[in-house]
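A.B. asks: Prediction below, plus the sequence it came from.
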Amino acid sequence: MLSHSFSYRGESPIESWGESEQHRPISSVEFYLPTEYLLEHGAGRVRDLSMELGAELPFVSGHAGLSFHMAAWMRDNTPVVRDLSQRHPGFDLPGMDELRRVMGSRTRGASWLTFLGQPILGGLGGVAGLRAQLKSPGTTVQEMSGDRAVVSLGEWPEAGDLETGDTLPHYRELARVLEPWMYTHGDAYWGNLTPEEIHRWERRFLD
């Protein structure tokens with residue numbers, strides 16, 4: 001069982017990679033807490049911790065919410081993760097090790113807490129422009145230092161459940177706003193998922 005964990009993957013600060021800004025490698029950092037921590041301390045504590053960490057990091061984008069956390073993609077766990085992720089759209093899938101090589105100045109999409117820096121926030125019209133586009137009750141946009149912001153989708157992270165009709169409409173609203181800036185894998189490798197499964201999961205709040 002995986003509990004608390006931290007991982008950092010750095011890239012050399014070279015300005016020219018021979019690729020576009022949107023596709024260049026990025027440095028990435030991940031923090032994982034067990035769900036027991038969330039239940040014991042409450043979502044407010046997790047949000048405060050995320051904000052404290054985010055305030056110190058020079059991010060282009062970031063997110064916090066529910067996620068599957070595995071030591072590795074394996075044939076045995078892939079069917080379970082595939083089935084649960086298709087049913088519960090609020091769960092994120094692991095994969096920053098692959099994503100960071102090509103993600104560049106884009107975002108993974110809508111999460112419980114979605115952190116947005118430049119150039120994404122500017123491209124969305126800044127904090128005022130973002131607030132004007134997000135109308136769901138419980139959704140807030142908080143300005144951060146350095147021309148950054150965080151979008152909060154309610155007080156607690158939600159898993160959703162497509163079998164009961166819980167499609168997470170507030171997540172879908174944010175995903176539509178972020179769509180022009182969302183990263184997509186295309187035919188890139190990601191665990192044991194097929195390109196079709198990857199595409200369907202990435203567009204789970206859009207289609």
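C.D. replies: Perfect, I can see it now.
A.B. asks: could you say which helix or strand contains the residue lying closest to Asp147 once chain neighbours are set aside?
C.D. replies: Distances taken as Cβ to Cβ, 6 or more residues apart in numbering place Gln118 nearest to Asp147, at 5.4 Å, with adjacent residues excluded. From N, CA and C alone the C-beta is placed, and that goes for glycine too. Here Gln118, judged by DSSP states H and E, is contained in no helix and no strand.
A.B. asks: Against Val60, how distant is Gln118?
C.D. replies: The spacing between Gln118 and Val60, counted by Cβ to Cβ, to the nearest Å, is 7 Å.
A.B. asks: cool, Ser67 as well?
C.D. replies: Ser67 is 19 Å from Val60, by Cβ to Cβ.
A.B. asks: Show me what the lengthiest helix in the chain packs onto, helices and strands only.
C.D. replies: If you go by DSSP state H, the chain has its longest helix at helix 43-56. Secondary-structure packing of helix 43-56 (3 or more Cβ pairs under 8 Å, 6 or more residues apart in numbering; DSSP states H and E): strand 61-64, strand 113-116, strand 148-153.
A.B. asks: what residues are up against Asn77?
C.D. replies: Met70 (Cβ atoms under 8 Å, 6 or more residues apart in numbering).
A.B. asks: quick one, phi/psi of it?
C.D. replies: Asn77 has phi and psi values of phi -90, psi -20 when expressed as degrees, to the nearest 10.
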